[in-house]
Structure formats: C-alpha cells, structure tokens
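Colleague: here are the coordinates; sequence isn't available:
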C-alpha cells in the first residue's frame, strides 16, 4: 500500500494540474445551447402498438467537457476516492479488465494525457458526480455531436476512417483534432464514450417497471426502427451502446462529463 501511494504521489507531482479537474466544480466545459433534436430511433411502442416516427424533442442548455476525461484526471480522482482503484473497486461495479493497463494506481507510461479507458459506467458516473456533474444523456451527446448540422460530412468521414483503422497499442492524446462549433473535440475518432442512459433505446422482453436507473443501465435489446438507415456511424454508436452492461470495460471506451446550466 505504501508503495502504491508513493507511485501515485510521484505521478501527481509530474502532472500537478491533473488534480484540479477532479476535485473542483466541472471545469473545461463548453456551453451547449438549448435546441431541438430528432432522436435516431423511433419511440419504442407499447405492447400491441406500432412504433411512432421520430419527432424533434426539446433539449435544455447544458455543459459538456471539451475533451474526453484523461488518465491524469482519473488518477487524481483515485487519489481522493481510493475505493475506485483497481484492487478495491467492487466486482459488482467493474469487470476483470477494469483499469487493466494501470500499475500501482497510475496509468501506463505515456498515457497520462490520453483518454482514460477500461472504466465501467459506474466508475465514470462516480467520477462525474465527484466533480459535481454527471454523464451526458444519449440525446445530449448525439445533439452535441450533430453540432447544429455543421460538419456532418466530416464527422462521417472521420468515423468511417476510424472504424477501418486497426486499434493501436496506445491511444493518442486528447485535443489533437479540431473542435466543432460548440468547442468540443474528439467526439469521434479517438474513443467511444459512455452516456448516462446508454441502453435506454433498446427494449427487452420485460416491459414492466422500466423507470429505474438499473433498468436503463442493463436492459438492452432490439430497436423499433431508425430515422436514417444510411447513417452508418450512428448505427455503429447505438449498436455499441446496446451491447454494453454497466460494469463492462473496453480498451477503447471512455467518457466525458456533463453539467446542467
């Protein structure tokens, strides 16, 4: 334990700015204005009814991290929340690959400024709550990516190039790509990202009692239909979310935090 503490102290000494984002109110966020968003999926029908066509919904203004959360930021979170360290996190909330590349409580060499990955939904939510924030909803995340229609072709191109590129041994640092019109970077092309209600667009065999957080986190399933079947990148994003459970972790799955205006 003493050795782990010493290694983490050394890491934070090298990256002192890592501590601030995890111990203060949300910082480095971009304001996203209120607006209308048409969901990608049709509304899930009640039993015996047909699915309703997607209709625009109103979203309130919110804030979103300009970049995915980095390993340095997550290390600072672990320094004050040791219950989420790899050796301490309850297996109910994380799978065996949680923070698998970390050693002695610190990220792998050269990855401090890369997005933190191999984190579960529970760990991501705990991080955001410690900052006074939360994970963005799927609608908020997709609305922020849509960027009021700006750069749609570029998002598609970056996404398709990303899908075709083999996973490298190491992720790049955040902020290497251009920001969109809301000031958000790395929404696609670097890591997939958790959302608060990541599987809420699916439907399971059990349709009773669908109002709890656990149901939103664990009940994935088939969709009733999509708004634009030609939007392959969106299909991939929703398919990835539907395949997850809240304790799962992946080498290319990270997150960013949101906040209410």
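Modeller: Yes, it's here. All values derive from a computational prediction rather than experimental measurement. Numbers count the residues shown, from 1 in each chain.

Colleague: alpha carbons only for contacts and neighbour counts from here, please
Modeller: Noted.

Colleague: low-confidence regions, the stretch 101-250 of the chain specifically.
Modeller: Across the stretch 101-250 of the chain, the ranges flagged by pLDDT under 70 are 201-229.

Colleague: can you show me the helices along it?
Modeller: Ranges of helices in the stretch 101-250 of the chain, per DSSP state H, counting those that start in this stretch, are 121-130, 138-146, 152-164, 213-218, 232-242.

Colleague: out of the ones you listed, nearest to residue 40?
Modeller: helix 232-242 (7.8 Å; CA to CA).

Colleague: just to revisit the earlier point, can you put the helices of the stretch 101-250 of the chain in CSV and add mean neighbour count?
Modeller: Below are these laid out as CSV (neighbours: other CA atoms under 10 Å):
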stretch, mean neighbour count
helix 121-130, 22
helix 138-146, 20
helix 152-164, 14
helix 213-218, 17
helix 232-242, 17
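
Colleague: for the ones you listed, which one sits closest to residue 59?
Modeller: helix 138-146 (7.4 Å).

Colleague: mind putting the helices of the stretch 101-250 of the chain into JSON lines with distance to residue 108?
Modeller: Shown next, in JSON lines, are the helices of the stretch 101-250 of the chain (distance: least, CA to CA, whole Å):
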{"stretch": "helix 121-130", "distance to residue 108": "19"}
{"stretch": "helix 138-146", "distance to residue 108": "28"}
{"stretch": "helix 152-164", "distance to residue 108": "23"}
{"stretch": "helix 213-218", "distance to residue 108": "29"}
{"stretch": "helix 232-242", "distance to residue 108": "26"}
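
Colleague: and these: which comes nearest residue 35?
Modeller: helix 138-146 (8.6 Å).

Colleague: who touches that closest one?
Modeller: For helix 138-146, the external contacting residues (CA atoms under 8 Å, 6 or more residues apart in numbering) are 32, 37, 39, 59, 152, 182, 184, 187, 195-198.

Colleague: which of those count as buried?
Modeller: Among the contacts of helix 138-146, the ones that count as buried by 16 or more other CA atoms under 10 Å are 32, 37, 39, 182, 184, 187, 195-198.

Colleague: TSV for those residues, including distance to residue 107?
Modeller: Listed next are the buried ones among the contacts of helix 138-146 as TSV, based on distance: CA to CA, whole Å:
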residue	distance to residue 107
32	31
37	37
39	36
182	30
184	24
187	22
195	23
196	25
197	27
198	26
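
Colleague: correct me, but residue 185 touches residue 191?
Modeller: No. The criterion here is CA atoms under 8 Å, and residue 185 misses it with residue 191 at 11.4 Å.

Colleague: just the pLDDT for the nearest residue to residue 61 once chain neighbours are set aside.
Modeller: Excluding the flanking residues, the one nearest residue 61 by CA to CA, 6 or more residues apart in numbering is residue 34, at 4.0 Å. Per-residue pLDDT puts residue 34 at 97.

Colleague: how many other residues sit next to residue 34?
Modeller: Residue 34 has 14 neighbours, counted by other CA atoms under 10 Å.

Colleague: show me the contacts for it.
Modeller: 58-62.

Colleague: against residue 116, how distant is it?
Modeller: 29 Å (CA to CA, to the nearest Å).

Colleague: any idea which element residue 96 lies in?
Modeller: Element membership for residue 96, per DSSP states H and E: none, as it lies in no helix or strand.
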